[in-house]
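Engineer: What would the 3D arrangement of this be:
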Amino acid sequence: MIKTDTIIIGAGPIGLFTVHQLGIKGLKAVVIDNLDRAGGQCIELYPDKPIYDIPAVPECTGEELTKNLLEQIKPFDTKFFFNERVEEVKQDKHNWIVKTNNSNEFSAPNIIIAGGVGSFEPRKLSLKEIEKFEDKSLFYAVKNKEKFKNKKISIFGGGDSALDWSLELSKFSKITLIHRRDEFRGAPHTLSEIRKLEKEGKILIKTPCQLDSVEGNEFIKSISVKFNDGKIEKINTDIVLSFFGLIMKLGPIAEWGLNMNKKTIEVNSKNFETNKKGIFAVGDICNYPGKLKLILSGFHEAALASVECFKRARPNEKYRFEFTTSSKSIQERLGKK
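Structural biologist: As a prediction, this is how the structure comes out:
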């Protein structure tokens, strides 16, 4: 059993800032996320896309934002549990007991759900025989560009992710972009760049067609696509990347007895507590009158939720608000002299 002051579910930007707000108050936290790294939607959906509405940061990418938030919470030495999903939540007197799919068990007076839109997983290719190549030569996300250098890559999809990665990976690999329709749904500027590279012979585009078959033993050697007119074309390829979007799921959260509004959790706007004492929800997953799905709103929610967490974790201590600019105790926790 791992005991702590607060269990944070979700390692996206709001979850990471929640660690900071708890940490400066002297509270410990653990973070659980079903993804394999921190960043949430920012990393999975738009790591290289610019974000323009972070206060005092004119422009940054999802990856840069995540990196800076991780740097900000370094002093607190927070333990992360990646590739884990919370399966069970039960109350034991003042504390909440949380169990994950990896059989880890946690105990804390507070739970903060910072799960964004819930857990999400890629919409996978329907061809059964391609499943065995997953994480070897079939991928649904790009986590390390270096692994894709000097390869023959077939990219499936017609949205921003497919176009963005076609553009990025074409700098050092041979790209074939495959879509089931003639029209693409991505940003016009990106599509214009893709068409330019197509004319230069740096990107091949195959439309309208779909994956028909795959050849290879341990790794993919080639794929065949079938066009709408019935024609089949074989394409030699080292790697298949598929970007058919994500399936969003609330998962077990929907079964915890919390007041739900569609796929969001109802909270009060005083401290963002749910109908269950000691369980809070912040970020995109929470709902209250006037809610805005902005990162800065999530930061505000995390700050207020952390105050109530302090009161529950330290019932015999009086909470005293302090400014980071003048508080010696906060500066010591941050490792500042």
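Engineer: Mark out where each domain of this structure begins and ends.
Structural biologist: For the chain, the structural domains run 2-121+247-333, 124-244, going by automatic domain parsing.
Engineer: What is the end-to-end distance of the shortest one?
Structural biologist: Using C-alpha to C-alpha, to the nearest Å, the end-to-end distance of domain 124-244 comes out at 7 Å.
Engineer: do the same with stretch 232-244
Structural biologist: So stretch 232-244: terminal residues 21 Å apart, C-alpha to C-alpha.
Engineer: how about that stretch: buried residues?
Structural biologist: Residues 235, 237-244 are the ones in stretch 232-244 that count as buried (16 or more other C-beta atoms under 10 Å). Quick note: C-beta positions are derived from backbone N, CA and C, even for glycine.
Engineer: helix/strand/coil for Val240?
Structural biologist: At Val240, secondary structure determined by DSSP: H, G, I helix; E, B strand; the rest coil is strand.
Engineer: Could you check how far it is from Ala56?
Structural biologist: Computed with C-beta to C-beta, to the nearest Å, the distance linking Val240 and Ala56 is 41 Å.
Engineer: re earlier: deepest in the core, which of the domains of the chain is it.
Structural biologist: domain 2-121+247-333 (a mean of 18; mean count of other C-beta atoms under 10 Å).
Engineer: roughly how far out does it sit from the chain middle?
Structural biologist: Offset of domain 2-121+247-333 from its chain centre (C-alpha atoms, centre = their mean, to the nearest Å): 13 Å.
Engineer: Do you know the pLDDT at Thr60?
Structural biologist: Residue 60: Cys, not Thr. We have a pLDDT of 93 for Cys60.
Engineer: Which pLDDT does the model give the nearest residue to it once chain neighbours are set aside?
Structural biologist: Closest residue to Cys60 in three dimensions, ignoring its sequence neighbours and counting by C-beta to C-beta, 6 or more residues apart in numbering: Ile51, at 5.6 Å. On pLDDT, Ile51 comes in at 92.
Engineer: Show the end-to-end separation of stretch 226-239, please.
Structural biologist: End residues of stretch 226-239 are separated by 18 Å (C-alpha to C-alpha).
Engineer: Beta-bridge partners for Pro122, please?
Structural biologist: Pro122 forms beta bridges with Leu246, as assigned by DSSP bridges.
Engineer: And for it, the neighbour number?
Structural biologist: 16 (other C-beta atoms under 10 Å).
Engineer: Tell me how far it lies from Tyr140.
Structural biologist: 4 Å.
Engineer: all helices of the chain, in order?
Structural biologist: For the chain, the helices defined by DSSP state H occupy 13-23, 40-44, 62-72, 160-169, 188-199, 295-313, 328-333.
Engineer: My guess is the residue nearest to Cys60 contacts Pro58. True?
Structural biologist: No. Applying C-beta atoms under 8 Å as the test, Ile51 and Pro58 come out as separate, 10.0 Å apart.
Engineer: Dihedrals phi and psi, the residue lying closest to Gly15 once chain neighbours are set aside?
Structural biologist: Spatial nearest neighbour of Gly15, excluding adjacent residues (C-beta to C-beta, 6+ apart): Ala114 at 3.7 Å. Backbone torsions of Ala114, given as degrees, to the nearest 10, read phi -120, psi 50.
Engineer: try His94
Structural biologist: Torsion angles, degrees, to the nearest 10, at His94: phi -80, psi -20.
Engineer: That one: what's it in contact with?
Structural biologist: His94 makes contacts with 109, 278, 312, as judged by C-beta atoms under 8 Å, 6 or more residues apart in numbering.
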